[in-house]
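>>> For reference, the sequence and a predicted model appear below.
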Amino acid sequence: MPRRPSPALPLTVMALAVSLLPAWLPGRRGRRRPLGFGRELQHYRKQLNAHTGQVDETLTKTTDTIDALRRRDVDVDEAVDALQANEEELDAASRGLEEMLAPEELHGLHMEYEANLERALRGIVTAERGCGITKLPHRPPEDEEPFIYWKRGHANVQHAQLRMREVVDVLLNWEPGKPAEVNVTTRLHRA
């Protein structure tokens with residue numbers, strides 16, 4: 001007696017074909033974007049460019065001040081005032097960045113930028129701690145401890161600034177459908 005084919009097999013094949021049909025239709029490749037996506041991306045880039053330009057300027061002033069401390073080219077009191085002013089500017093910029101709405105694909109990089117900004121702020125606090133050590137009573141004049149704090153603070157601010165520049169470059173040049181990541185491979189492709 002011949003065996004009858006199972007009715008479930010043709011139904012499974014048909015269901016699979018119907019589910020894949022939209023991918024074969026012309027003009028229906030991938031996920032569709034809302035109509036305003038291009039405007040939202042341009043608005044985000046404009047905001048990001050304004051904020052990050054200000055942040056980069058402030059970080060450059062900060063690294064110059066901390067470097068001047070390390071070389072003993074600036075008075076400690078003047079440096080503390082400048083560092084505190086820079087810290088307040090960066091705090092305000094940080095609040096502005098938190099309020100920005102990044103496209104979904106860029107959330108990770110936007111958060112990485114914010115994390116590096118926090119690293120720069122910790123570097124400023126480290127340098128300020130070194131300034132505070134210089135004012136301690138009974139501290140020997142040859143004490144190298146403040147210089148260690150200034151060196152660490154300078155390195156934190158400078159390295160955070162370099163990474164932030166890389167992240168901003170990707171954020172400003174990202175195109176929908178492409179990967180949003182900053183690594184050696186993407187750095188080589190940009191060069």
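Cool, the structure landed. Residues are numbered from 1 along each chain as shown.
>>> the helices in the chain, which residues?
For the chain, the helices defined by DSSP state H cover 8-24, 37-70, 76-99, 107-134, 145-173, 184-190.
>>> With mean pLDDT and mean neighbour count as extra columns, can I get those in TSV?
For the C-beta atoms, the positions are set from N, CA and C on the backbone; glycine is no exception. Shown next, in TSV, are the helices of the chain (pLDDT from 0 to 100; neighbours: other C-beta atoms under 10 Å):
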stretch	mean pLDDT	mean neighbour count
helix 8-24	62	10
helix 37-70	90	17
helix 76-99	93	15
helix 107-134	93	19
helix 145-173	93	19
helix 184-190	63	10
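>>> Give me the most central residue, this structure.
Geometric centre of the chain, nearest residue: residue 113, 1.4 Å, by C-alpha atoms, centre = their mean.
>>> what residues are up against it?
By C-beta atoms under 8 Å, 6 or more residues apart in numbering, the residues touching residue 113 are 52, 97, 164, 167, 168, 171.
>>> gap between the second one and residue 82?
Using C-beta to C-beta, to the nearest Å, we find residue 97 at a distance of 22 Å from residue 82.
>>> again with the fourth one
Computed as C-beta to C-beta, the residue 167 to residue 82 distance reads 26 Å.
>>> same thing with residue 133?
Using C-beta to C-beta, we find residue 133 at a distance of 18 Å from residue 82.
>>> ok, now residue 158?
16 Å.
>>> swap in residue 67?
The value you get for residue 67 to residue 82, if C-beta to C-beta is used, is 12 Å.
>>> Could you give the number of residues near the nearest residue to residue 106 once chain neighbours are set aside?
Distances taken as C-beta to C-beta, 6 or more residues apart in numbering put residue 180 closest to residue 106, at 5.3 Å, once the chain neighbours are dropped. Using other C-beta atoms under 10 Å as the criterion, residue 180 is surrounded by 20 other residues.
>>> Much appreciated, bye for now.
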